[in-house]
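Test case, fold it:
(2 chains)
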Amino acid sequence: NAGVMQNPRHLVRRRGQEARLRCSPMKGHSHVYWYRQLPEEGLKFMVYLQKENIIDESGMPKERFSAEFPKEGPSILRIQQVVRGDSAAYFCASSPSRQAGGLNTEAFFGQGTRLTVV
Amino acid sequence: QKEVEQDPGPLSVPEGAIVSLNCTYSNSAFQYFMWYRQYSRKGPELLMYTYSSGNKEDGRFTAQVDKSSKYISLFIRDSQPSDSATYLCAMSATYTGANSKLTFGKGITLSVRP
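Now for the predicted structure:
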């Protein structure tokens, strides 16, 4: 059972370009989370998605950032018109649907995409 | 005040030492408390998970939660060089679904010297 797959692992973009980060959740997982890790900072929540729905985007910057998790295919985090401050490691995590009466809150993280804006 | 504060590092200990890692938090709604380990250039992996106050032990690792003090700890006994990594505390509020968004501490880098 493959883990959470993120690609690319490293992405270099010039200022003003678009960055597309992909995340394929673990098999059987229908919940996807995106986090950003800035240098010397902890992970910061960005967005929580289920298939075809954005559940919580309270951590997403208001402009230039968008996320989707289509019925088929990976979840995509898109950053338009990137700026140097967007340089960070972006992590995706996935979790299964809650079991009846269960307390499973474990999220499995991918290896991350390291975005560098030059 | 940040929602989650984690002791600043880095921390360097000799092999075999007992390591104590701590976090404090301000949000009374946090119910689920986790410790993640992150090796350099890798994604975080879950080490320990506890619900509400109490202790939980797993091998050389013990997690403690004191909700009255809003304080959580991770103890590592008989530390090994392979324990060298960054340790992140994480918390989430009242269960609202399959998972809740996690609020992380900044992380502390631990180095265990052979």
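
Just to check, B:Ile18 is in contact with B:Phe75?
Yes: the pair B:Ile18 and B:Phe75 passes the contact test of CB atoms under 8 Å, sitting 6.5 Å apart. Quick note: C-beta positions are derived from backbone N, CA and C, even for glycine.

What values do phi and psi take at A:Leu38?
Per-residue torsions, A:Leu38: phi -80, psi 160 (degrees, to the nearest 10).

actually B:Tyr87, not the one I typed
According to degrees, to the nearest 10, B:Tyr87 has phi -110, psi 130.

Provide a list of residues in contact with it.
By CB atoms under 8 Å, 6 or more residues apart in numbering or on different chains, B:Tyr87 lies in contact with B:21, B:35-38, B:47, B:74, B:107-108, B:110.

can you check B:Leu47 too?
Contacts of B:Leu47 by CB under 8 Å, 6+ apart are B:34-37, B:58, B:61, B:74, B:87.

Can you tell me which of those residues is closest to B:Ser68?
Among these, B:Leu74 lies closest to B:Ser68 (CB to CB), at 18.6 Å.

Show residues contacting the host helix or strand of the closest one.
Secondary structure from DSSP states H and E places B:Leu74 in strand B:71-76. The set of residues external to strand B:71-76 that reach it, using CB under 8 Å, 6+ apart, is B:18-25, B:33, B:35, B:47-48, B:50, B:60-66, B:83, B:87, B:89, B:91.

What of stretch A:88-98?
Stretch A:88-98 has contacts (CB under 8 Å, 6+ apart) with A:4, A:6, A:21, A:23, A:25-26, A:28-39, A:43, A:75, A:77, A:104-110, A:112-115, B:43-44, B:97-99.

What residues sit buried inside the strand holding B:Leu74?
Within strand B:71-76, the residues scored as buried using 16 or more other CB atoms under 10 Å in any protein chain shown are B:72-76.

In the sheet, which strands lie alongside it, parallel or antiparallel?
strand B:19-25 (antiparallel), strand B:61-66 (antiparallel) (DSSP bridges).

For the shortest one, what is the distance to the chain centroid?
Here strand B:61-66 is found 8 Å from its chain centre; the criterion is CA atoms, centre = their mean, to the nearest Å.

Where does pLDDT dip in chain B?
Residues of chain B meeting the criterion pLDDT under 70: B:1, B:94-100.

can you list the residues of it near chain A?
B:4, B:6, B:32, B:34, B:36, B:41-46, B:49, B:51, B:88, B:90, B:92, B:95, B:97-107 (CB under 8 Å from any CB of the partner chain).
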